[in-house]
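# Prediction below, plus the sequence it came from.
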Amino acid sequence: GWSSLSMSRFAPLLRTSWRLARSCGRASRSFASSPDIAVHPNIGRFSSELDLQFISRFDEPFLTFRVMDENGNILDPSLEPDVSKEKCQRMYKTMVELNVTDSILYQAQRQGRLSFYMTNYGEEATHIGSAAALEDEDVVFGQYREAGVLLWRGYSMQEMCDQCVGNRDDSNKGRMMPVHYGSKRHNFHTISSPLATQLPQAAGAAYAMKLQGRQACVVCYFGDGAASEGDFHGALNFASTLDCPVIFFCRNNGYAISTPIREQYRGDGIAVRGVSYNIRTARCDGNDVWAVHKIMDEARKIAISQKVPVLIEAMTYRGGNHSTSDDASRYRGNDEVSSWKLSNNPLARMRMFMEKKNWWDDQQETALRESARTAIVQALDQAEKKMLPPVHELFTDVYAQVPASLKEQEETLLEHLKEFGSHYPTVN
């Protein structure tokens with residue numbers, strides 16, 4: 001599978017992984033002495049010769065693939081994005097819409113209009129760059145910071161606000177926390193709060209798609225913190241041994257809530273772990289939308305054509321608080337945040353790229369931000385006016401035949417609401 005990669009422009013990304021795998025091989029081959037010694041599958045030969053080595057790192061570090069610098073310049077003409085003006089503008093518009101939506105809904109939570117919210121500041125390129133390289137039939141498992149993927153697929157601001165409010169039009173029927181989006185229509189599985197549960201689910205879904213012979217793949221997004229969970233390792237091993245067409249996309253944004261990456265792990269990030277599972281792996285600049293787009297495009301080709309898993313580590317930065325329940329100023333300085341916003345802002349980089357091509361100007365920027373703000377404010381106002389889901393929906397969509405114990409709980413709740421209903425939001 002690797003030889004075919006050397007013919008593409010994508011080769012430098014994954015060639016590093018190949019070299020890393022070979023460096024491991026050198027260590028194991030040093031134990032071999034003759035061809036008739038018993039061979040352990042995929043590991044190497046055993047020998048009585050004393051050549052003991054303890055290895056803590058690979059010979060070469062993972063390189064970070066980049067297409068565009070901080071000023072919007074393409075670093076190599078051969079990597080000039082092969083996209084139309086219309087697609088480029090749509091990508092940027094979606095990034096801005098996500099940014100404006102975050103601003104409005106974050107403020108709404110602070111005003112008491114929403115119970116919870118999570119922004120995506122600084123990570124817009126990881127969402128849109130990757131989503132724009134996928135096809136609609138590809139199935140997505142998100143974590144909780146991938147709202148831009150849904151927006152790119154056509155999930156509306158109204159649907160987003162309905163979910164955050166939890167009204168009757170919420171596809172989750174008000175039973176999930178805000179920002180826990182899901183849409184069968186958009187092939188986006190509903191987000192769950194426990195970290196990393198989506199990884200083994202994604203591997204299993206990809207295995208099922210492989211058995212069905214579908215020409216599509218599964219994409220699973222997660223953060224660096226989720227990579228510290230046991231499910232991460234189980235999922236990668238499952239996907240590797242069963243050759244599942246799944247792309248594991250790690251957004252390494254520097255923090256797992258308040259825990260910085262220097263306290264999370266030792267070694268060369270998340271990417272190096274993929275090689276240990278014999279998974280095609282590459283790392284990119286997550287704030288470079290074109291690097292993300294290219295790496296996802298090539299990863300998708302590999303996953304579908306070879307029916308194997310791929311791991312991507314996108315190096316980015318979480319510009320905002322972890323959530324509205326967090327105060328990031330308690331564990332990182334303003335200088336750090338300001339430096340990233342000023343020197344490595346994915347929105348600014350994309351805008352400068354477009355301006356150099358005369359595809360964007362200040363007037364378009366102002367109009368876009370004003371229209372996005374109007375749209376999200378109106379969507380939130382509408383969401384708040386809608387009725388709440390019926391109480392009985394708390395007990396639906398799990399059992400085909402509701403057990404007696406659950407019926408009893410529903411009856412108890414209804415009796416409680418008859419007496420104390422005035423203490424709760426309007427019951428419909």
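Yes, it's here.

# For the stretch 101-250 of the chain, just list every one of the strands.
Here the stretch 101-250 of the chain has its strands, by DSSP state E, counting those that start in this stretch, at 139-141, 188-189, 218-223, 246-252.

# shouldn't Val310 be in contact with Asp297?
No. Here Val310 does not reach Asp297: they are 11.5 Å apart, not a contact under C-beta atoms under 8 Å. For every residue, glycine as well, the C-beta is placed using N, CA and C.

# of those two, who's got more company?
Val310 (28 against 16; other C-beta atoms under 10 Å).

# For the helix or strand Glu408 falls within, what does the pLDDT average out to?
Secondary structure assigned from DSSP states H and E places Glu408 in helix 404-420. Across helix 404-420, pLDDT averages out at 96.

# One more: stretch 359-378?
Averaging pLDDT along stretch 359-378 gives 99.

# Kindly report the same for stretch 113-124.
98.

# who's in contact with the nearest residue to Phe222 once chain neighbours are set aside?
Here the nearest residue to Phe222 in space, its sequence neighbours aside, is Gln143; by C-beta to C-beta, 6 or more residues apart in numbering that works out to 5.1 Å. Taking C-beta atoms under 8 Å, 6 or more residues apart in numbering, we find Gln143 in contact with Ile191, Leu195, Gln198, Tyr221, Phe222, Gly223, Ala226, Arg251.

# And Gln143, what's its pLDDT?
The score at Gln143 is 96. That number is its pLDDT.

# Same question for the one 4 residues further on.
The confidence metric pLDDT takes the value 98 at Ala147.

# Same question for the one 4 residues further on.
You'll see Leu151 listed with a pLDDT of 99.

# Leu347 against Lys93, yeah?
No. Using C-beta under 8 Å, Leu347 is not in contact with Lys93, being 11.0 Å away.

# Just the mean pLDDT for stretch 319-335, thanks.
Mean pLDDT, stretch 319-335: 97.

# Show me what counts as buried in that stretch.
The neighbour-count check on stretch 319-335 (16 or more other C-beta atoms under 10 Å) flags Gly319, Gly320, Asn321, His322, Ser323, Thr324, Ala328 as buried.

# ends of that stretch, how far apart?
Taking C-alpha to C-alpha, to the nearest Å, stretch 319-335 runs 12 Å from one end to the other.

# Can you name the residues in contact with that stretch?
By C-beta under 8 Å, 6+ apart, stretch 319-335 touches 102, 106, 109-110, 116-123, 255, 257-258, 260, 318, 337, 340-341.

# What mean pLDDT does the host helix or strand of Cys284 get?
According to DSSP H and E, Cys284 maps onto strand 280-285. Mean per-residue pLDDT for strand 280-285: 98.

# quick one: strands adjacent to that strand?
strand 64-65 (parallel), strand 310-315 (parallel) (DSSP bridges).

# Thank you kindly, that will do.
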